[in-house]
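[1] Based on what follows, work out the 3D shape:
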Amino acid sequence: MSTAAVVPVVVRLKLSLLRNGLRQSAGRRAAYVASMVLVLLFAALQLIGLIALRGNTHAVSVTVLLTTVLALGWAVMPLFFPGGDETLDPTRLVMLPLRPRPLVRALLAASLIGIGPLFTLCMFAGSVIATARGTAAYVTGVVAVVLALLVCVALARAVAAANIRLLTSRKGRDLAVLSGLVIAVGAQVVNFGAQKLGASGLSTLDPAADVLRWVPPASAIGAVDSVSEGAYATGGAQIALSALALAALLALWQRSLTRLMTSPDGSTLQAAEPARDQAGRSSGLGRLLPAGRTGTVMERSLRYVWRDPKTKAAWVTSLAIGLIVPLFNALQGTGSIYFACFAAGMLGIQMYNQFGQDTSAFWMVAMTISSTRDAYVELRGRALALLVITLPYATLVSVLTTAMLGDWPALPEVLGLSFALLGAMLATGAWSSARFPYSIPQEGYKSAAPGQAGLAWISIFGGMVSAALLCAPVLTFTIVLHVVMGGEEWTWVLLPLGTAYGALIGLLGLRLAAPRTARHLPEILAAVSKG
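    Sure, this is the predicted structure:
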């Protein structure tokens, strides 16, 4: 089939997929319309802002960096939102008599349909208006906009085609779940960058822009500025770089399609059994953990962290935010040494709803619990697995925050407070897991099954407030040391005191949660099996 015949067919296919998707429900249509209105409104505001930059000496630095950020977004979005466009998966066309080259051109044309390409087109058009001066520059700008947009689309398609086996596997679903973390971290980076720009001005962007204006597709926008300055040879070279990048991406995409369409799919092959020693224990992690039920529970919990998408997403998000908040505040000069306790608080949340991550498989755990002692050992193993990660991480965040603020004498104090808070959250988390269990859906982004959102709110926020109240004795002693006694040289006492208090309150919480867990196993199983 020729390219001329394939392109309209694939474009109509894309439009049909979009139309049929909107017909599924009124809610989906409303969400699509609302998202389109918001994107267009944001694009219009950005376009006005770029036009307002016209005549500014640093306008090209802003537009070049904006183009680079947009290209980076196009590159990574297929990894985190593989289900956002059904045509991203070319294996659905594997049975059709299509050759790679016509298919590449047809899919490239279909990729230009959607909200994303429209938003990107507006940004590139605004960038050209902000930097172009003269007829030759505007003519170059038209070519630059087309080239930059095609490079972005081809980049997204090449990345998706090269990683489609990953994106359709369990690890691909892990990446999709972690998209919220990328957005959260990106928001912090943007906030930090905006504050730096507000303090030192747009001139700080010039060194990075001088380099990026030679990196496609930003080189296409840089060519507009070069032509405006009369450097036609430089502008031609920058346009040529973007054209070469487009050709290279199309070739890489075509090669990935050829390999994808002709190689067998090994995703259903059974994984090799883990190596085991003569005693039947799995090698590696199991050898480092205690013997008996405690070690078994710890290994199972740690494997949940590594393998279960929802559990992994929650852990990675907590680890990242627990580090970002204190360090970014310290970098901005507004931080406090006590912000380091934020890491212990974020990680302590992982103790809540311990049985929800088991889902309906909790029945296998319930079958092994016949007494309060068994329930206590089960909860203790889960708490110890959490401590394997949280203790060294909370210590690391405290040390890094202290180093950035240069307040080393306060390190023992903040470590003691972190450990006390962590012990309190372990205590309230264990009790909350037994009192307010709820199911975690394995598919989608929701963290609680329908009808259980209230339980989730009570479990997490009620537990956090209770943990803060449980830390009142340590907090009171800290205030007494600083305000009443004025003896900051004695704040080191908070390290052993906070550690001992956290261990004591954590064990007490496990003891109190064990009887209820043992008595209400059927109710817990019913609650966590609704997802």
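
[2] show me what contacts Glu413?
    337, 478, 491-492, 494-495 (Cβ atoms under 8 Å, 6 or more residues apart in numbering). All C-beta spots, glycine's among them, are computed from the backbone N, C-alpha and C.

[3] Mind giving me the ChimeraX command for buried ones among those residues?
    Buried members of the contacts of Glu413 can be picked out in ChimeraX with the line below, counting by 16 or more other Cβ atoms under 10 Å:
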select :337,478,491,492,494,495
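
[4] The contacts of Glu413 in helices, which ones?
    Using DSSP state H, the members of those that fall in helices are 478, 494-495.

[5] can you tell me which of the residues you listed lies nearest to Asp308?
    Leu495 (34.4 Å; Cβ to Cβ).

[6] that's a strand at Gly230, yeah?
    No - going by DSSP: H, G, I helix; E, B strand; the rest coil, the assignment for Gly230 is coil, not a strand.

[7] chain center to stretch 112-131, what's the gap?
    Mean-position distance between stretch 112-131 and its chain equals 26 Å (Cα atoms, centre = their mean, to the nearest Å).

[8] buried stuff in it?
    Buried-residue list, stretch 112-131, by 16+ other Cβ under 10 Å: 112, 114, 116-117, 119-131.

[9] Let's have the ones in helices among the contacts of Glu413 in a markdown table, adding distance to Val484 and pLDDT.
    Output for those, formatted as a markdown table (distance: Cβ to Cβ, whole Å; pLDDT from 0 to 100):
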| residue | distance to Val484 | pLDDT |
| --- | --- | --- |
| Thr478 | 11 | 87 |
| Leu494 | 15 | 89 |
| Leu495 | 20 | 91 |
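
[10] So which of those residues is the closest to Met364?
    Nearest member of the ones in helices among the contacts of Glu413 to Met364, counting by Cβ to Cβ, is Leu495, at 40.5 Å.

[11] And for Val480, the neighbour number?
    Number of residues near Val480 (other Cβ atoms under 10 Å) recorded here: 12.

[12] cool, Met36 as well?
    14.

[13] In this structure it contacts Gly114, no?
    No - the pair Met36 / Gly114 is not scored as a contact, 9.8 Å apart, by Cβ atoms under 8 Å.

[14] Quick check: buried residues in the helix or strand hosting Ala514?
    Per DSSP states H and E, Ala514 falls inside helix 494-519. Going by neighbour count (16+ other Cβ under 10 Å), the buried part of helix 494-519 is 494-495, 497-499, 501-503, 505-507, 509-511, 513-514, 516-518.

[15] just checking, next helix/strand downstream of it?
    Following helix 494-519 in sequence, per DSSP H and E, is helix 521-528.

[16] Please compute how far that next one lies from its chain's middle.
    On Cα atoms, centre = their mean, the centre of helix 521-528 falls 31 Å from that of its chain.

[17] What of stretch 127-141?
    For stretch 127-141, the distance to the chain centre is 37 Å (Cα atoms, centre = their mean).

[18] average pLDDT for the helix or strand hosting Ser61?
    According to DSSP H and E, Ser61 maps onto helix 59-80. On average, the pLDDT along helix 59-80 is 85.

[19] Give the other helices and strands that that helix contacts.
    Applying 3 or more Cβ pairs under 8 Å, 6 or more residues apart in numbering; DSSP states H and E, one finds that helix 59-80 contacts helix 26-52, helix 115-131, helix 135-162, helix 170-177, helix 179-200, helix 206-212, helix 218-228.

[20] was I right about Leu327 contacting Met404?
    Yes - if you go by Cβ under 8 Å, Leu327 and Met404 touch, sitting 6.6 Å apart.

[21] Could you pull up the contacting residues of the nearest residue to Val145 once chain neighbours are set aside?
    Sequence neighbours aside, Phe124 is the residue nearest to Val145 in space, at 4.5 Å (criterion: Cβ to Cβ, 6 or more residues apart in numbering). Taking Cβ under 8 Å, 6+ apart as the contact definition, Phe124 lies against 67, 70, 144-145, 148-149, 221.

[22] Now tabulate the residues you listed in JSON lines and tack on distance to Ser432.
    Compiled in JSON lines, the contacts of Phe124 are given as follows (distance: Cβ to Cβ, whole Å):
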{"residue": "Thr67", "distance to Ser432": "48"}
{"residue": "Leu70", "distance to Ser432": "43"}
{"residue": "Ala144", "distance to Ser432": "57"}
{"residue": "Val145", "distance to Ser432": "55"}
{"residue": "Ala148", "distance to Ser432": "51"}
{"residue": "Leu149", "distance to Ser432": "50"}
{"residue": "Ile221", "distance to Ser432": "53"}
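
[23] elements contacting the helix holding Ala514?
    helix 372-405, helix 411-435, helix 472-479.

[24] Around Arg255, count how many other residues there are.
    Neighbours around Arg255, by other Cβ under 10 Å: 14.

[25] I misspoke; the intended subject was Ser318.
    Ser318 has 21 nearby residues by other Cβ under 10 Å.

[26] hang on, the earlier thing: starting at the chain centroid, how far to the helix holding Ser61?
    18 Å.

[27] Check which element follows it along the chain.
    Next element after helix 59-80 (DSSP H and E): helix 100-111.

[28] what angle do that next one and helix 115-131 make?
    Computed by axes from the mean of the first three to the mean of the last three Cα atoms, to 10 degrees, the angle separating helix 100-111 from helix 115-131 equals 80 degrees.

[29] got the angle between helix 100-111 and helix 59-80?
    Going by the same axes, to 10 degrees, helix 100-111 makes 110 degrees with helix 59-80.

[30] which residues in the stretch 201-350 of the chain form helices?
    206-212, 218-228, 232-262, 285-288, 293-307, 309-331, 341-348 (DSSP state H, counting those that start in this stretch).

[31] Quick one: closest of those to Val10.
    Using Cβ to Cβ, the nearest of the helices of the stretch 201-350 of the chain to Val10 is helix 232-262, at 13.1 Å.

[32] helices and strands around the closest one, which ones?
    helix 100-111, helix 135-162, helix 218-228.

[33] Just send those back as a markdown table, with distance to Thr372 and mean pLDDT too.
    Converted to a markdown table, these look like this (distance: least, Cβ to Cβ, whole Å; pLDDT from 0 to 100):
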| stretch | distance to Thr372 | mean pLDDT |
| --- | --- | --- |
| helix 100-111 | 60 | 84 |
| helix 135-162 | 53 | 90 |
| helix 218-228 | 64 | 92 |
